[in-house]
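S.K.: Here is the input, now give the coordinates:
(2 chains)
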Number of protein chains: 2
Amino acid sequence: MHLRRLLPGSLSGAYLIEYGNPSGYLPLREHLAVLLDEIGITAVPSQIVLTHGASQALDLVIRHLLAPGDAALVDDPGYYNLFGNLRLSNVQMLGVPRNPDGPDIDSLERLAAEHRPKVYFTQSVMQNPTGTDMSPHVSFKVLQIAERYGFYVVEDDIFGDLQVKTTPRLAALDQLRRVIYVRSFSKTLSGSLRVGLVACSHQLANDFAEIKMLTSITSSQVTERLIYLMLVDGHYRKYLGRLQQRLDDARQCGQSVRANRPRIVCRTPGRNVPMGAVPTCRGLHGLGRARLGRRLYARPGQYIPSPFGALAVDAF
Amino acid sequence: MHLRRLLPGSLSGAYLIEYGNPSGYLPLREHLAVLLDEIGITAVPSQIVLTHGASQALDLVIRHLLAPGDAALVDDPGYYNLFGNLRLSNVQMLGVPRNPDGPDIDSLERLAAEHRPKVYFTQSVMQNPTGTDMSPHVSFKVLQIAERYGFYVVEDDIFGDLQVKTTPRLAALDQLRRVIYVRSFSKTLSGSLRVGLVACSHQLANDFAEIKMLTSITSSQVTERLIYLMLVDGHYRKYLGRLQQRLDDARQCGQSVRANRPRIVCRTPGRNVPMGAVPTCRGLHGLGRARLGRRLYARPGQYIPSPFGALAVDAF
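M.R.: This is a model prediction of the structure:
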């Protein structure tokens, strides 16, 4: 069957037999510039590179900024797949303990002074796996330390669209000078389309587009157009509102469960990891399965990845 | 607009909010195993990993098999984007001069003995940019040398579907022992969907799927399903037949032009690069623009990438 017959008219066109722009579909980048502006991040479309999900964005950062043997700061506990990629790239990982209001600032400064890392990978909103947000005063200190020790901060904001009360992003405070902002639509629209983005300085955006071209030519304009059509439609905001409401209900449910239970106890000596939610609540568990994946939550017997090996959760 | 309303019923499903299998959409891999069998390559679906175009397949090979400083053999002249990726990865490139019947065997053996490369990247069918096919006796010698010096052969078969009279692939002779077979649908179905594949030994397929997961999670199941629906439809073979006929007409036209002109003269001293076709023929030029890209052809003033710098074409 010809592609024209498989796709709706709005997705047909000569572009189907072409590779497209290495930075990605321009109308989507233009629309994303507007969305970023709404959360206080000023970026023109040429500062935005579309990627094959947030993972390719993180991968481009690793390939461009980190050589084998270099050191990088990561949240501890943090995102297991990022740890896997850093290990693959022979990057030395420095775990910054995560407090309920963000990274532990004293540890961050000590590690930065000792190891002179080139990059700090973090999530300021709904951090995976703790579910915590970074407080504005902590964000400010993170950026001060980044300035002092000269490292980039990669803000992985893949859960940003799910946040009910918006907190300031690192990229909004810094305006993409030291911050490299990463996002995707896998958590809200479709994980199967594989559309993400990186927003950063002009120089870095050019570098990332070049590495993207050398390693994957372009991202798929078909899936980028699908995301674009979904975003510009008036129903998207309503849909996001409903999703946020469900998540907030589940969070409150989770908090009421947690209030009646002790903190999570981990088998690794000396480690008590406060988690954002627990999956014993029916609504929360259902939501986790349907939309978020279960990785946000810890349960007894579960292993939480950390750069220093898995933490085993014994009990709540 | 919801994704369900944008896509036809045959592409709807719960999979849209999931990430899918790191090796790619299973029904497509099953169908590809049948297509590979038709050109004499025996592979079960678990030996096939779907990729974001052939470029990601080449990238996975580079990341897994080549460390910075390692040596790799490449066709000279050859595919400029591969050279760019190898340079990015700090791999030492060893150019094997390309004759009309494939690589120069004496040079290949000498370079293999001197530098002990880990991989040889080549195109056996319609090589880019010379347009030449590898003769079976040359393929046999390439595999003998690979065995003797212990390197992998990466067969980039992206133009394979356009070949009118099928010649034996390296992978068919070797049955995926030392050969890693790469292919895509960008030249026949759509460059914008970004669907490619790598077929290889079970061990390598597992390794590639793991690196793919760490660096990009999965490939897009939406685009893989689109390719699948186009491939299983009975019209695909007819379409390919028409495409091959147009290409053959253009090739004959190009050959008649070439017969009346001298060989290409390049500015780099001592280099005369025989090209497969020249773009002065109306039909051929049109086809190049519409389907193949112009890179297959050389014209006066054009630069042909080579691992030793661009060759400038002065005249035909």
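S.K.: What is the least confident helix or strand in chain A?
M.R.: None of the helices or strands of chain A scores lower by mean pLDDT, DSSP states H and E than helix A:282-287, at a mean of 32.
S.K.: now chain A, which segments are flagged as low pLDDT?
M.R.: Counting by pLDDT under 70, chain A contains low-confidence ranges at A:1, A:254, A:256-316.
S.K.: longest single helix anywhere in it?
M.R.: helix A:235-259 (DSSP state H).
S.K.: now for that one, which elements pack on it?
M.R.: Contacting helix A:235-259 under the criterion 3 or more CB pairs under 8 Å, 6 or more residues apart in numbering or on different chains; DSSP states H and E are the following elements: helix A:282-287. No exception for glycine: its C-beta is placed from N, CA and C like everyone else's.
S.K.: Kindly report the residues of the stretch 1-150 of chain A close to chain B.
M.R.: A:1-3, A:6-8, A:10-11, A:15-20, A:52-53, A:55-56, A:59, A:63, A:68, A:81, A:84-85, A:88 (CB under 8 Å from any CB of the partner chain).
S.K.: Mind checking which of those residues are buried?
M.R.: A:1, A:3, A:6-7, A:11, A:15-17, A:19-20, A:52-53, A:55-56, A:59, A:63, A:81, A:84-85, A:88 (16 or more other CB atoms under 10 Å in any protein chain shown).
S.K.: Which of those fall within helices?
M.R.: By the criterion of DSSP H, membership of these in helices covers A:Leu3, A:Leu6, A:Gly53, A:Ser55, A:Gln56, A:Asp59, A:Arg63, A:Asn81, A:Gly84, A:Asn85, A:Leu88.
S.K.: Report the two of the residues you listed separated the most.
M.R.: A:Leu6 and A:Leu88 (35.8 Å; CB to CB).
S.K.: In terms of helices and strands, where is A:Glu114?
M.R.: Here A:Glu114 is covered by helix A:105-115, with elements defined by DSSP states H and E.
S.K.: Pull out the buried positions in that helix.
M.R.: Neighbour counts using 16+ other CB under 10 Å place A:Ile105, A:Ser107, A:Leu108, A:Glu109, A:Leu111, A:Ala112, A:His115 of helix A:105-115 among the buried residues.
S.K.: helix or strand for the nearest residue to the first one once chain neighbours are set aside, which one?
M.R.: I take that to be A:Ile105. For A:Ile105, the nearest residue in space outside its immediate sequence neighbours is A:Lys141; the separation is 4.9 Å by CB to CB, 6 or more residues apart in numbering or on different chains. When elements are assigned from DSSP H and E, A:Lys141 belongs to helix A:136-149.
S.K.: Any buried residues in that helix, and which?
M.R.: With the criterion 16+ other CB under 10 Å, helix A:136-149 contains buried residues A:Pro136, A:Val138, A:Ser139, A:Lys141, A:Val142, A:Leu143, A:Ile145, A:Ala146, A:Tyr149.
S.K.: quick one: contacts for the fifth one?
M.R.: Pointing back at A:Val142 there. The neighbours of A:Val142, taking CB atoms under 8 Å, 6 or more residues apart in numbering or on different chains as the test, are A:Gly102, A:Pro103, A:Ile105, A:Leu108, A:Tyr120, A:Thr122, A:Met134, A:Val153, A:Leu170.
S.K.: residues from the stretch 151-300 of chain A in reach of chain B?
M.R.: Counting by CB under 8 Å from any CB, the stretch 151-300 of chain A comes close to chain B at A:186, A:189-194, A:211, A:213-223, A:226, A:229-230, A:233, A:235, A:239, A:290-291.
S.K.: Quick check: ChimeraX command selecting the buried ones in the residues you listed.
M.R.: Under the burial definition 16+ other CB under 10 Å, those of those that qualify are selected in ChimeraX by:
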select /A:186,189,190,191,192,193,194,211,213,214,215,216,217,218,219,220,221,222,223,226,229,230,291
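S.K.: Point out the ones among the residues of the stretch 151-300 of chain A next to chain B that are inside helices.
M.R.: A:211, A:213-216, A:221-223, A:226, A:229-230, A:235, A:239.
S.K.: In CSV: the residues you listed, plus distance to A:Tyr181.
M.R.: Converted to CSV, those look like this (distance: CB to CB, whole Å):
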residue, distance to A:Tyr181
A:Ile211, 17
A:Met213, 21
A:Leu214, 23
A:Thr215, 21
A:Ser216, 20
A:Gln221, 22
A:Val222, 25
A:Thr223, 21
A:Leu226, 22
A:Leu229, 23
A:Met230, 21
A:His235, 26
A:Tyr239, 23
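S.K.: Pull the most distant pair out of these.
M.R.: Using CB to CB, the two most remote members of those are A:Leu214 and A:His235, lying 38.1 Å apart.
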